[in-house]
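Engineer: Here you go, sequence then predicted model.
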Amino acid sequence: MRFLNVVERVGNKLPDPVTIFVILWFVVLILSYIVSKSGITAVHPGQIDEATGKNLVISGVNLLSKEQLQLFLGNIVTNFTSFAPLGLVLVTMLGAGLAEKSGLMETVMKSTVTKVPKRLLTATIIFVGILANAVADAGFVVLPPLAALVFLGVGRHPLVGLFAGYAGVAAGFSSNLMINMLDVLVSGFTIPAAQIVDPNYVGTPAMNWYFLIASTFILTALGTFITEKYLAPRFEGSNYISIGREETSEVTPLEKKAIKYAGLGFLICVIVLVALCIGPDAFMKDNETGSLLDASAPLMTGMVPIITMLFFVPGLTYGIITKKIKNDKDVASILYDSMAGMGSYIVLAFAAGQFLALFNSSNMSSLLSIKGAEWLKDIGLTGPGLLVAFVIFAAFINLFVGSCSAKWAVMAPIFVPMFLLLGYDPALTQMAYRIGDSITNPLSPIFTYFPVLLAFAKKYDKNMGIGTIMASMMPYSLIFGLAWIILLVIFMIFNIPLGPGGGIYYHM
């Protein structure tokens, strides 16, 4: 508890992520002056100097010079609009936002966890929680209290359901059966970071897909085991405040009808997508190789609008059937509301975009990556040990900075090029980061939804404290982390692709 108190105090003193990026602007400016005057250079292994025909020698650039400051001033708008994750996330939100605001995602979760046999209830809640990262905030807000009410309804302790639902969403944050907005978000930082070293690198949001699918089933099984063997014995038989079942919000006949038609809309979208993938000259195949999974294939390059459409059509259908959408003005209003909710992200994107532009212009990203790769080679830290160390590092940082995008915006330009120079595919570095970013989510008192969980828990136990929640979440974090690391090492040892266009090793 003393350690947790320290974590909480330190975390609460950290400034807002936007402020952190603004501070980093000035840190980069000052460091660029120091590095440029120090005469530090590095030989880029992947780029050739056209003038000499030899490998390009990189040195630091003084961003405080008159010319560089003028260049930065003229590029502020471009730095923002060309910030890769900005467009990717906003376009995805056009579909995901409509599905969430129309009520589709909440009803899907309600109809899923309330209609399963009692013996499968725990596994279903964990499974739905893991999949819930596809609907962003709705998973954290809707599923845990709903799971508590469902457990209460079948005669089990509601806190077991509450904590199991939260663990599934939080600790399993980087697993899923489908590509979603989180994949789009993290790949938006990974791809430009890899292009620092290899301008020809091409990646897709699906680069971790195979690993995510395997993780989903493994974590569901482990989460069920942890809940029944560790969590349930701590609470079953103890007293709790009964709040009745009036809050279960049973699915209404109209919502059932809307879900059916929304599912039909989703099925039609899938059928059309499959049809566009069939045939030697299929629309979704690469024109040169005829492959669907090449990074340059339309199926991969168009993954963002495809994901958007797979959310948009069912969400629109659901809204029309439930009468939440009566005309085009209602659709526009929901989309406006979804985009309004992205205001904080847009501000963060502006600050992060300027930081990345400054960091790259200073050449410090390349210098740090090359020198760091050389240092890691010299000390012999490569292979699975290196990736495991990176997972642990990311997990530790996640205790203090909860935002996945804010951390990766800073870490990707450093670690992706560094590991790429050691011969590791950016998809592997990204997956290692995502594991670390997920496993300590339920443990961090400063994680955005930790106070929300505490508020839900106090409905059943007014004396509920941080220590009880931490003790309940610790097994999920430790066992999920161990299982994920073992799975990642297995993928590395047998050189199994992490997803379409995402391998283990990379050769420039």
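Structural biologist: Great, that's in hand.
Engineer: gap between the host helix or strand of Val274 and the chain center?
Structural biologist: Val274 belongs to helix 253-275 when assigned by DSSP states H and E. Centre-to-centre, helix 253-275 and its host chain are 26 Å apart (C-alpha atoms, centre = their mean, to the nearest Å).
Engineer: what does it rub up against?
Structural biologist: 103-104, 107-108, 111, 251, 284, 306, 309-310, 313-318, 321-322 (C-beta atoms under 8 Å, 6 or more residues apart in numbering). The C-beta positions use only the backbone N, C-alpha and C, and glycine is treated the same way.
Engineer: Which among those count as buried?
Structural biologist: In these, burial by neighbour count holds for 103-104, 107-108, 251, 284, 306, 309-310, 313-318, 321-322, counting by 16 or more other C-beta atoms under 10 Å.
Engineer: Cross those residues against helices and list the overlap.
Structural biologist: 104, 107-108, 306, 309-310, 313-318, 321 (DSSP state H).
Engineer: Surely Glu78 forms part of a helix?
Structural biologist: To be clear, residue 78 is Thr; Glu isn't right here. Yes - Thr78: assigned to a helix according to DSSP: H, G, I helix; E, B strand; the rest coil.
Engineer: For Pro192, give me the pLDDT.
Structural biologist: Listed pLDDT for Pro192 reads 89.
Engineer: And for Thr308?
Structural biologist: 86.
Engineer: Lys118: how many residues sit nearby?
Structural biologist: 11 (other C-beta atoms under 10 Å).
Engineer: i'd like the first residue to be 56 from this point on
Structural biologist: Let's use 56 as the start, then, which means that last one is Lys173.
Engineer: Give me the nearest residue to it, chain neighbours excluded.
Structural biologist: Val209 (5.3 Å; C-beta to C-beta, 6 or more residues apart in numbering).
Engineer: tell me the mean pLDDT for the helix holding Val329?
Structural biologist: 93.
Engineer: Val215: how many residues sit nearby?
Structural biologist: Other residues close to Val215 by other C-beta under 10 Å number 24.
Engineer: before we move on, which element is it in?
Structural biologist: helix 213-226.
Engineer: other SSEs contacting that helix?
Structural biologist: helix 176-186, helix 192-208, helix 264-281, helix 287-290, helix 481-494, helix 505-513, helix 521-548 (3 or more C-beta pairs under 8 Å, 6 or more residues apart in numbering; DSSP states H and E).
Engineer: in the fourth one, what's buried?
Structural biologist: In this case it means helix 287-290. By neighbour count with 16+ other C-beta under 10 Å, helix 287-290 contains the buried residues 287, 290.
Engineer: Equivalent analysis for the longest one, please.
Structural biologist: By neighbour count with 16+ other C-beta under 10 Å, helix 521-548 contains the buried residues 523-525, 527-528, 530-532, 534-536, 538-540, 542-543, 546-547.
Engineer: where does the nearest residue to Ser417 once chain neighbours are set aside fall, phi/psi-wise?
Structural biologist: What sits nearest to Ser417 in space, not counting adjacent residues and going by C-beta to C-beta, 6+ apart, is Ser87, at 3.9 Å. Backbone geometry at Ser87, expressed as degrees, to the nearest 10, gives phi -60, psi -40.
Engineer: Quickly note the distance from Ser87 to Val471.
Structural biologist: Going from Ser87 to Val471 by C-beta to C-beta, to the nearest Å gives 20 Å.
Engineer: More neighbours: which of these two?
Structural biologist: Val471 (32 against 23).
Engineer: Contact partners for that one?
Structural biologist: If you count contacts by C-beta under 8 Å, 6+ apart, then Val471 has 245, 248-249, 251, 481, 484-485 around it.
Engineer: Gly491: neighbour count?
Structural biologist: Here the number of neighbours of Gly491 (other C-beta under 10 Å) works out to 25.
Engineer: wouldn't it be in contact with Ala450 here?
Structural biologist: Yes - under the criterion of C-beta atoms under 8 Å, Gly491 makes contact with Ala450 at 4.0 Å.
Engineer: per-residue confidence for the nearest residue to Thr96 once chain neighbours are set aside?
Structural biologist: Taking C-beta to C-beta, 6+ apart, and ignoring the residues beside it in sequence, Thr96 has Ser114 as its nearest neighbour in space, at 4.7 Å. Confidence at Ser114, expressed as pLDDT, is 88.
Engineer: try Thr177
Structural biologist: At Thr177, pLDDT is 94.
Engineer: what's the spacing between it and Ala287?
Structural biologist: 8 Å.
Engineer: Then Leu483?
Structural biologist: When Leu483 is compared with Ala287 (using C-beta to C-beta), they lie 36 Å apart.
Engineer: and if you look at Thr307?
Structural biologist: Per C-beta to C-beta, Thr307 is found 31 Å from Ala287.
Engineer: Please apply the same query to Asn453.
Structural biologist: 27 Å.
Engineer: Please apply the same query to Trp430.
Structural biologist: For Trp430, the distance to Ala287 equals 48 Å [C-beta to C-beta].
Engineer: Equivalent analysis for Phe470, please.
Structural biologist: 39 Å.
Engineer: hmm, back to that, contact partners for the residue nearest to Ser417?
Structural biologist: 115-119, 413, 417, 419.
Engineer: switch the cut-off to 6 Å
Structural biologist: Residues near Ser87 by C-beta atoms under 6 Å, 6 or more residues apart in numbering: 117-118, 417.
Engineer: Single out whichever of those has the smallest pLDDT.
Structural biologist: The lowest pLDDT within these belongs to Ser417, which sits at 89.
Engineer: what's that one in contact with, if anything?
Structural biologist: Contacts of Ser417 by C-beta under 6 Å, 6+ apart are 83, 87, 116, 118.
Engineer: Then Ser346?
Structural biologist: Ala352.
Engineer: measure it to Asp253 for me?
Structural biologist: Distance of Ser346 to Asp253, given as C-beta to C-beta: 21 Å.
Engineer: Next: Pro497.
Structural biologist: Distance from Pro497 to Asp253, by C-beta to C-beta: 36 Å.
Engineer: Please name the nearest non-neighbouring residue to Met466.
Structural biologist: Nearest to Met466 is Tyr488, by C-beta to C-beta, 6+ apart, at 6.6 Å.
Engineer: In this structure the one you found contacts Phe448, no?
Structural biologist: No - contact criterion C-beta atoms under 6 Å: Tyr488 and Phe448 do not qualify, at 9.2 Å.
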